[in-house]
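Asker: Next comes the sequence, and after it the predicted model I'd like to discuss.
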Amino acid sequence: MTTGPRHETDALANVPANLYSDGLLHHMGPGLADNITQGLAEGDMFRTTPLWGIGQRLFFLHDGRTSDLLAAIAAHSSGGGNEDGRGNHYPPSEANGVIRKFDALAPADKQAILDFLRSL
Ligand code: HEM
């Protein structure tokens, strides 16, 4: 991402910020849903966490449910439906297609992505 043209600190205008996030809200499916509505985010929606610094973090995802990067990636994938019996119905995760592509990678390519994440 490149910062905007105007910033209160001139040096921070028009510079690249390596967020590794699109900064947007996404439907992530019933597997990650917390059923909490916050602003525009419905109960299965989360803003993509910037992956900048992920190599220094110990617990991943909004509830810190795992310290295993592969499990965090797998948790992106979930079909539509409702897991908690509270009547919430959610669409499938928007990340399903990308996670299918990740799953299809050769072991060495998966490892390269994990190494990249740990380097951030
Ligand atoms: C193979 C590709 C992907 C990888 C390696 C990846 C990696 C990760 C990791 C490691 C986290 C945990 C961040 C943290 O706890 O600080 C995360 C969170 C997240 N990612 Fe991805 N991601 C991928 C694709 C996607 C796609 C395609 C989307 C959306 C369409 C997405 C949306 C999100 C969201 C919303 C979160 C926050 C979820 C939560 O906090 O429960 N990711 N991602």
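Answerer: Happy to help now that I have it. Residues are numbered from 1 along each chain as shown.
Asker: How about the residues of this protein by the ligand?
Answerer: Contact residues, the chain versus the ligand (Cβ under 6 Å from any ligand atom): 26, 28, 32, 46, 48-49, 51, 54, 57, 60-62, 69, 72-73, 76, 94-95, 98, 102, 113, 117. Glycine gets a C-beta too; all of them are placed from N, C-alpha and C.
Asker: Buried only: go through those residues for me.
Answerer: For these, a neighbour count by 16 or more other Cβ atoms under 10 Å gives the buried set as 26, 28, 32, 46, 49, 51, 54, 60, 69, 72-73, 76, 94-95, 102, 117.
Asker: Take the residues you listed and keep only those in helices.
Answerer: Under the assignment DSSP state H, those contribute 69, 72-73, 102, 117 to helices.
Asker: Same list, those residues, but as a markdown table with pLDDT please.
Answerer: Formatted as a markdown table, these follow (pLDDT from 0 to 100):
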| residue | pLDDT |
| --- | --- |
| 69 | 98 |
| 72 | 98 |
| 73 | 98 |
| 102 | 98 |
| 117 | 97 |
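Asker: ok, and the closest non-adjacent residue to residue 90?
Answerer: Distances taken as Cβ to Cβ, 6 or more residues apart in numbering place residue 44 nearest to residue 90, at 3.9 Å, with adjacent residues excluded.
Asker: List the contacts of the residue most central in space within the chain.
Answerer: With distances taken as Cα atoms, centre = their mean, the chain has residue 48 as the residue nearest its mean C-alpha position (4.3 Å). By Cβ atoms under 8 Å, 6 or more residues apart in numbering, the residues touching residue 48 are 21-24, 26.
Asker: which residue ranges form the strands in the protein?
Answerer: Here the chain has its strands, by DSSP state E, at 25-27, 45-47.
Asker: Not counting stretch 17-34 itself, show me its contacts.
Answerer: Under the criterion Cβ under 8 Å, 6+ apart, residues 1-3, 40-52, 54, 61-63, 75-84, 88, 90-96, 120 lie in contact with stretch 17-34.
Asker: now swap in stretch 88-96 and tell me
Answerer: Counting by Cβ under 8 Å, 6+ apart, 26-33, 35, 42-44, 76-82, 99 sit against stretch 88-96.
Asker: Pull out the buried residues from these.
Answerer: 26-33, 42-44, 76-78, 99.
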